[in-house]
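In: Have a look at this prediction, sequence included:
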Amino acid sequence: MNSVRKTSPPDFQLPPRRKLRGLAVAAGLLTLTALLAGRAGAADELVPLVLKLPAPMFIGTPKDMPASPNLEKPSDKPRPPLLVPKGVSNLAPASTVTTSSTNATAANLRKIVDGSKEPSDAGTVMLRKGTQFLQFDLGAAYDLFAVVIWHSHDSPKVYHDVIVRVADDAEFKTNVRTLFNNDFDDSSHLGAGTDREYFESHEGRLVDAKGARARYVRTYSKGSTDSALNEYTEVEIYGRPAQ
Amino acid sequence: MNRALPLLMLLVIGGALWLRCPELAERPLHNDEAVNAIKFRDLWEKGQYRYDPNEHHGPTLFYATLAWTRLTSAPTFAQMGEARFRMVTVIFGIGLLLLLPLVADGLGRGGTAMAAVLTAVSPALVFYSRYYIHEMLLAFFTLLALGAAWRYHVRPGLKWALLAGAALGLMQATKETFVLTLAAFAGALVCNHLWLRWTRVPTPPWLHTDPASASHSERRRIAGIAVTDIVAGLGMSLVVAVLLFSSFFTNASGPLDSLRTYAPWVNRAAGASPHLHPWNYYFEHLLWFHPRKGPVFSEALIALLALVGGLSGFRRVPLSGANPALLRVLASYTLLLAGMYSGLAYKTPWCLLSFWHSAILLAGVGAVTLWRSAKSIPAKAFLGLGIAAGVGHLAWQAGQLNTNYATNRRNPYIYSQTSASLLELVDQVKAVAQTTAAGDHLLLKVMAPESDYWPLPWYLRQFDQVGYYGNLPADPYAPIMIVAAKLNAELDEQKTHLMVGIFELRPQVFLQLYVAKDVWRDYLAKRPRPSE
């Protein structure tokens, strides 16, 4: 009969010092596990990270800017040129201009397509408060490549809810397309746009029409940082007969 | 007549309140008003105020606001509105009327009544009564000092010396420019003395001291004032100034700072300031202000009547029944003070109040002088109708400047005024924040060179996680960012944020509003349908 000695395998026979080290490692592992478990528990109770933010600095009376144009020029980057097919022309002067604003006469509206872009009192047309539009009936369908808008640019200002749309009918119910829309919060109820707001300047705002075919063009706005009124100096619409 | 004057004063006070109180919160807070309101916050919430000798003037505005907020059981600072702060200056504006009885025997009954009417309707006085800055308090304490000095002159006594001293201390604790007022007043006294010597006019009987105060006349005097009263008055002035500048003995350096403050202010007055204007700046704004596309705003009627009133003081017996010595002193004081303010390169339009209010006192006398000089009934009727129409026109202008032209550059009394467009930005920020889980704890970052973002700290006071930066920080991104347009930040280039609008802070100073794309998408989905 073979007697079997129930002894631990030699691997597990640790000398006293190694035993202590083993115990320490085990304790360390346990602690780490506990810490990790603790962290996992804490993860369930996320708290906002409170940042130390700089407080406002007190300043004195700021300078009163004189009413001269372009004191704070927002950007000095020149506008890149828009490439258009050869033969396009400005269709706006020959169009019929109407508006949602009840205060403007037909004769007054002609100033918007008379080629004069100076923001003088006489050359600027004021439309009423709120969202107002100008409508251009081109007389026939055209392939459109650019719409350029000059609001009043006598001083730096930003017009809100600038929207440019084209359509096949005067009521804007058929084949309506939006070429530009910076009404981010849809306060003019024509859908929320994603185009940036911009500063008025002598360059006007050039909207790429990308060859959209249409007979009617509308330009909308809803007041500016300067006034609740909607001012226009000039609008140009570049296109060619539909081909 | 005895009953008519108090009744008229009541009517005038009613009219003055009617012009000053409506829609106090409508005009967006000016940079300086917001700074004052935010500085008051520490006093209200922590009981702390520390005088800053470099900017922001003296402590009286803040302690007066503290008294007003305590009297009216104010809510938390976040719930306080603009009207609560502006009501403080309205009260001091009305106080100018309540102090008039102090000088009523000097201006005469009619002169006092007309001065009250013109004080009530002067567009400048109405406009700056609704402006939460120090100027109206300075005008009030100046009149208090003048009134107490006049009462002392009429009937010398310790109480008037003490009141004049207290008013002087309050003037000092209001605004550094009080030294100009003092200098002008001293100069006016000298002018009057020289006039009397030149004309060899004996002292009129009404300038004799009251017999009841004979004991005063026996005391040692300097320039006719008992030394003990001078000491008492100056002592009172010192006590009041030290109390306020030391924040009631909690800021030991405050009283010394009230003297150190003149170093930076002298530099500014000499031209180290963005507020440099030509000598005729105040006169243009007061007498004929007609920018393009706007109506003419003018208080020339007051100037004209003040001229008549001032000149009448150089007659032996003025037609108005006013005291000629007081008129001469007021006329010289007004001219000297207007000259000093016009001579300094540093100018802000509210500084004109100091000399314009004394011009109004003279104008009251001038109106009565003209009235009494008109001999026939048609002449009196013509004059009466003319003055009534002029007063009506002044009141109309005051109304227009506080409503239709409250933020318009065609208003002669606005200066670096915050645009109404800024309120649209604030509304937008609040609307977006309310659709997030964080709400008022949402992280906002405001970035503008030279800390040019005021009054946003006032308008964003409900948010407790707002960082203000003088430039673009290393990590500018936050759910909502307000960035000065001149930084050309273009923080939407990484497509994580949208630039959802450009807003005007002041004329020709713009702020861009950036919102994180997901926050904006949530806002569009959750917000109530915007109204037209």
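Out: That came in fine, so what should we check first?
In: Show me what residue of chain A gets nearest to chain B.
Out: Here chain A gets closest to chain B at one residue, A:Leu53, 3.2 Å apart by C-beta to the nearest C-beta. For every residue, glycine as well, the C-beta is placed using N, CA and C.
In: Double-check that that residue belongs to a strand.
Out: No - assessed with DSSP: H, G, I helix; E, B strand; the rest coil, A:Leu53 is coil; it does not lie in a strand.
In: got the contact list for it?
Out: B:Lys445, B:Gln465, B:Val466, B:Gly467, B:Tyr468 (C-beta atoms under 8 Å, 6 or more residues apart in numbering or on different chains).
In: gap between A:Arg177 and A:Tyr198?
Out: The gap separating A:Arg177 from A:Tyr198 is 21 Å, by C-beta to C-beta, to the nearest Å.
In: count of neighbours near B:Arg292?
Out: When neighbours are defined as other C-beta atoms under 10 Å in any protein chain shown, B:Arg292 has 9 of them.
In: In three-state terms, label it for me.
Out: Classified using three-state DSSP, B:Arg292 is coil.
In: any idea how far it is from A:Ser155?
Out: To A:Ser155, B:Arg292 is 11 Å away according to C-beta to C-beta.
In: For chain B, which residue occupies the most central location?
Out: B:Glu135 (2.7 Å; C-alpha atoms, centre = their mean).
In: What pLDDT is listed against that residue?
Out: We have a pLDDT of 97 for B:Glu135.
In: One more: B:Gly321?
Out: 85.
In: so how far is A:Phe136 from it?
Out: 72 Å.
In: So for these two, which sits in the more crowded spot?
Out: Between B:Gly321 and A:Phe136, counting by other C-beta under 10 Å, A:Phe136 is the more crowded of the two (25 against 16).
In: correct me, but that one touches A:Tyr216?
Out: Yes - using C-beta atoms under 8 Å, A:Phe136 is in contact with A:Tyr216, at 6.9 Å.
In: Does B:Leu370 touch B:Ala306 like I think?
Out: No - when contacts are counted by C-beta under 8 Å, B:Leu370 is not listed as touching B:Ala306 (11.8 Å).
In: of the two, who's got more company?
Out: B:Ala306 (28 against 22).
In: Wait, a helix at the more buried one?
Out: Yes - under three-state DSSP, B:Ala306 falls within a helix.
In: Can you give me every residue that contacts B:Leu301?
Out: For B:Leu301, the contact set (C-beta under 8 Å, 6+ apart) comprises B:Ala363, B:Ile387, B:Gly390, B:Val391, B:His393, B:Leu394.
In: do the same with B:Thr76
Out: If you count contacts by C-beta under 8 Å, 6+ apart, then B:Thr76 has nothing around it.
In: Let me see the ranges of the helices in the stretch 151-300 of chain B.
Out: Using DSSP state H, counting those that start in this stretch, the helices of the stretch 151-300 of chain B run over residues B:158-172, B:178-199, B:214-217, B:227-245, B:254-260, B:262-270, B:281-287, B:300-312.
In: any idea how far B:Leu71 is from B:Thr65?
Out: From B:Leu71 to B:Thr65 the distance is 11 Å (C-beta to C-beta).
In: which of these two has more neighbours?
Out: With neighbours defined as other C-beta under 10 Å, B:Leu71 and B:Thr65 compare such that B:Thr65 has more, 24 against 8.
In: Report how many residues lie close to B:Val429.
Out: Number of residues near B:Val429 (other C-beta under 10 Å) recorded here: 22.
In: nope, A:Thr124 is what I meant
Out: Quick note: A:Thr124 (other C-beta under 10 Å) scores 20 neighbours.
In: hang on, isn't it packed against A:Glu234?
Out: No - counting by C-beta under 8 Å, A:Thr124 does not reach A:Glu234; the two are 9.4 Å apart.
In: okay, and the helix or strand of chain B with the least pLDDT?
Out: helix B:214-217 (a mean of 47; mean pLDDT, DSSP states H and E).
In: just to revisit the earlier point, residues contacting the closest residue to the residue nearest to the centre of chain B other than its chain neighbours?
Out: What sits nearest to B:Glu135 in space, not counting adjacent residues and going by C-beta to C-beta, 6 or more residues apart in numbering or on different chains, is B:Trp350, at 4.4 Å. Taking C-beta under 8 Å, 6+ apart, we find B:Trp350 in contact with B:Tyr128, B:Tyr131, B:Ile133, B:Glu135, B:Tyr413, B:Tyr415.
In: again with A:Arg205
Out: When contacts are counted by C-beta under 8 Å, 6+ apart, A:Arg205 is found next to A:Val148, A:Ile149, A:Trp150, A:Val162, A:Phe180, A:Tyr198.
In: Can you flag which of those belong to strands?
Out: A:Val148, A:Ile149, A:Trp150, A:Phe180 (DSSP state E).
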